[in-house]
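Visitor: Model the following, please.
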Amino acid sequence: MELTNDVEKKLKQVSDRRTVIFGKTGVGKSSLANTIFGEKLFKASHTLNSETRECQAETRSVNGRNITLIDTPAFLDTDKSEEELKPEIVRCITECTPGPHAFLIVLKVEKFIEQEQDVINKISEYFSEEVFKYASVVFTHGDQLLEGETIKNFVDQNQFVTNLVKKCGGRCHVIDNKYWNNQQDEYRNNQFQVKELLKSIDKTFEANEGGCYTNEMLQAVEDKIQQEEARIRKSPGNMSDEEIRKQAKGNVFTKLLTQLVDCAKGALVSALTGARNAVGVMIRRITGHDAAEGADTTQITAETAEEAVENSF
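Guide: Residues are numbered from 1 along each chain as shown. Next comes the predicted model:
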């Protein structure tokens, strides 16, 4: 892909590439983040009950580019209550504003039974078609691949997964967080696979000209964070830009969580991932009234969203 000078300049101006990692409990989201960074920054667990459910964001330089990985709670679990996940969904929204440059949808290399197909269905339910322009599918537990088998061969055996990968523009990768650290076979080597994954993120980044996936809700939350940053800068003290940003996000997170106390998990996830009718639900929850009344919630304009959220704090 040949880039224009304007696009190249824009790409260089982006300080880091925000990447959100989705997947149900136990698929290896935290371990994948650790594998990409090459250090243990994210709490990983090998049991379903003790894995962290807190959203965590970390930034590191990997192969010459700054990457922020946002490890999400189990949005895609079918057995987690709304009350368990709601705070972390709101935290994810505030962490990734004004929007991610990439999404990693994490699945395990395993026989796809009904439960796994339910996860695929949830992805289709929660994610707008726009999200898939920024998404890649990443399989963990690559040691489960048969000898000589590639992830493409594996994907081709299941129509559900094949359709998901097609939605993601064919972007599909495989990692083994446990066994592929010192493999002689290049394909079964994490170092090689991480490079391939980063290349995929780079191509997505360039194809979207350095722009991030966003929607009215993410933009509105980012506006609030910037307003909070401006307020903090006027206060006494000598905080760095990083510290100001962190405190501003924390303040906005607290306010959002208070306002969204009755909002359902599905509406929260959809507001992050782009279901436009859910954006309307979110706006009305935040404002406490039908600010978008009279507008079709599937066709809410950015102007309506901005005006509604402007009065929410």
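
Visitor: is it true that residue 61 lies in a strand?
Guide: Yes - counting by DSSP: H, G, I helix; E, B strand; the rest coil, residue 61 is part of a strand.

Visitor: and it, how many neighbours?
Guide: 10 (other Cβ atoms under 10 Å). Placement of C-beta: from N, CA and C, glycine included.

Visitor: Please apply the same query to residue 145.
Guide: Residue 145 has 18 nearby residues by other Cβ under 10 Å.

Visitor: Same question for the one 10 residues further on.
Guide: When neighbours are counted by other Cβ under 10 Å, residue 155 registers 23.

Visitor: Could you pull up the contacting residues of the nearest residue to it once chain neighbours are set aside?
Guide: The shortest distance from residue 155 to any non-neighbouring residue, by Cβ to Cβ, 6 or more residues apart in numbering, is to residue 161 (5.1 Å). Applying Cβ atoms under 8 Å, 6 or more residues apart in numbering, one finds that residue 161 lies in contact with 107, 112, 120, 137, 155.

Visitor: Quick one: mean pLDDT over whichever helix or strand residue 161 is part of.
Guide: Here residue 161 sits within helix 159-167, counting by DSSP states H and E. Mean pLDDT, computed over helix 159-167, is 91.

Visitor: Any buried residues in it, and which?
Guide: For helix 159-167, a neighbour-count test (16 or more other Cβ atoms under 10 Å) marks 160, 161, 164, 165, 167 as buried.

Visitor: Need these in CSV (columns: distance to residue 264).
Guide: Listed next are those as CSV, based on distance: Cβ to Cβ, whole Å:
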residue, distance to residue 264
160, 25
161, 28
164, 24
165, 29
167, 25
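
Visitor: ok, the residues you listed vs residue 127, which is closest?
Guide: The closest of these to residue 127 turns out to be residue 167 (Cβ to Cβ; 8.4 Å).

Visitor: Check whether that closest one really touches residue 132, as I assumed.
Guide: Yes - taking Cβ atoms under 8 Å as the definition, residue 167 is a contact partner of residue 132 at 4.3 Å.

Visitor: pLDDT weak spots in the protein?
Guide: 1-15, 45-53, 78-80, 82, 113-116, 262, 274-313 (pLDDT under 70).

Visitor: any idea how far residue 101 is from the residue lying farthest from the centre of it?
Guide: Most distant residue from the mean C-alpha position of the chain: residue 236, 34.7 Å away (Cα atoms, centre = their mean). Separation of residue 236 from residue 101 (Cβ to Cβ, to the nearest Å): 35 Å.

Visitor: What of residue 91?
Guide: Distance from residue 91 to residue 101, by Cβ to Cβ: 19 Å.

Visitor: Then residue 119?
Guide: Between residue 119 and residue 101 the distance is 24 Å, computed by Cβ to Cβ.

Visitor: out of the two, which sits in the more crowded spot?
Guide: residue 101 (23 against 20).

Visitor: Thought residue 201 was touching that one, still the case?
Guide: Yes - using Cβ under 8 Å, residue 101 is in contact with residue 201, at 7.5 Å.

Visitor: Three-state assignment for the residue lying closest to residue 44 once chain neighbours are set aside, please.
Guide: With sequence-adjacent residues excluded and distances taken as Cβ to Cβ, 6+ apart, residue 44 is closest to residue 30, at 3.9 Å. Assigned by three-state DSSP, the conformation of residue 30 is helix.

Visitor: now residue 200
Guide: Per three-state DSSP, residue 200 ends up helix.

Visitor: how much space between it and residue 168?
Guide: On the measure of Cβ to Cβ, residue 200 and residue 168 end up 10 Å apart.

Visitor: what does the domain assignment say about this protein?
Guide: With automatic domain parsing as the criterion, the domains of the chain are listed as 5-207, 216-310.

Visitor: who's in contact with residue 100?
Guide: 18, 19, 20, 70, 134, 212, 213 are the contacts of residue 100 under Cβ under 8 Å, 6+ apart.

Visitor: Pull the number of nearby residues for the fourth one.
Guide: I take that to be residue 70. Counted with other Cβ under 10 Å, residue 70 comes out at 22.

Visitor: That one: which element?
Guide: strand 65-71.

Visitor: Point out the other elements, helices or strands, that that strand touches.
Guide: Contacts defined by 3 or more Cβ pairs under 8 Å, 6 or more residues apart in numbering; DSSP states H and E place strand 65-71 against strand 17-22, helix 29-37, strand 56-62, helix 82-96, helix 190-207.
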